[in-house]
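>>> Structure for the following, please:
(one chain, ligands or ions: 1)
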Amino acid sequence: MKTWKLWENERINEEETRLLRRRADEIPVPFDDEGKRDIETLIDAFVGRDDAAGLAAPQIGISKRVVVFKNGQFNERGPLQKGGGQYDVLVNPRITQIRGDTEKGQEGCLSCPDISADVVRATSIKVKAYDEKGNKINRRYTGFLARVVQHELDHLDGKLIVDRGTAIYFPKEKAPFFDKIFKDA
Ligand SMILES: [Zn+2]
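Now for the predicted structure:
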């Protein structure tokens, strides 16, 4: 499935940027048919790829508040399997607690090809959400997973690593394009 991107081949994607920058809508609870379909579509899109730690619905053109990411059960050596408990789905998620320190780490994003950015994130968060079946859940995430969750939840508010990055990295040969984009940032 196609991933929506801010730019591609050194050209800004105006239409995709508009959706990626939008605040995504909540999924009605209990989930309606459309909500259930959107959640399934996101899970299928994520399970079918191996180049991402997580995926948010706006990244596949669905402006809804749902994200999916590999959880602590994921085994790096095997493929991600549907329904195998190797990923978490968070519907209408809300961070209810931020604890501990912050940490700087380098992040990439399928929606921001060719760049990476240093982003400061909290190392421990608590999230309230619904799982893919509509059950209420409360989870704590720490370390790398806390980073992934904060990254994915940012997507639901139209925020990307280019907004959060304290430093942005890209290959030298693409400098003419990216220098122009980040000049005013
Ligand atoms: Zn991302």
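>>> Correct me if wrong: residue 51 contacts residue 110.
Yes - counting by C-beta atoms under 8 Å, residue 51 touches residue 110, with 7.1 Å between them. Where you see a C-beta, it was placed from the backbone N, CA and C, and this is true even at glycine.
>>> In terms of neighbours, single out the busier of the two.
residue 110 (16 against 7; other C-beta atoms under 10 Å).
>>> And that one, how close does it get to residue 183?
Distance of residue 110 to residue 183, given as C-beta to C-beta, to the nearest Å: 24 Å.
>>> Check residue 136 too.
Remark: distance between residue 136 and residue 183 (C-beta to C-beta) = 45 Å.
>>> can you check residue 172 too?
Noted for residue 172: a distance of 16 Å to residue 183, by C-beta to C-beta.
>>> Kindly report the same for residue 156.
28 Å.
>>> Go through the helices and strands of the chain and name the one with the lowest mean pLDDT.
In the chain, no helix or strand scores lower on mean pLDDT, DSSP states H and E than helix 175-182, which sits at a mean of 92.
>>> Adjacent strands (with direction) for whichever strand in the chain runs longest?
Longest strand of the chain, by residue count under DSSP state E: strand 87-107. Strand 87-107 has its sheet partners listed here by DSSP bridges as strand 66-70 (antiparallel), strand 116-130 (antiparallel).
>>> What are the buried residues along the last one?
Of all the residues in strand 116-130, those buried under the rule 16 or more other C-beta atoms under 10 Å are 116, 117, 119, 121, 122, 123, 125, 127, 129, 130.
>>> I'd like those residues written out as TSV, with distance to residue 92 added.
Converted to TSV, these look like this (distance: C-beta to C-beta, whole Å):
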residue	distance to residue 92
116	29
117	27
119	24
121	21
122	20
123	24
125	16
127	11
129	6
130	6
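>>> from these, which is closest to residue 70?
residue 127 (15.6 Å; C-beta to C-beta).
>>> and that closest one, what are its bridge partners?
residue 95, residue 139.
>>> Contacts only, for it.
Applying C-beta atoms under 8 Å, 6 or more residues apart in numbering to residue 127 gives the contacts 90, 93, 94, 95, 96, 138, 139, 140, 141, 149, 153.
>>> Go again with 6 Å.
Residue 127 is in contact with 93, 95, 139, counting by C-beta atoms under 6 Å, 6 or more residues apart in numbering.
>>> how deep is the last one tucked in, by neighbour count?
Right, the one you point to is residue 139. With neighbours defined by other C-beta under 10 Å, the count for residue 139 comes to 16.
>>> Give the full set of residues in contact with the spatially most central residue of the chain.
Centroid-nearest residue in the chain: residue 152, 2.6 Å away (criterion: C-alpha atoms, centre = their mean). By C-beta under 6 Å, 6+ apart, residue 152 lies in contact with 54, 56, 67, 69.
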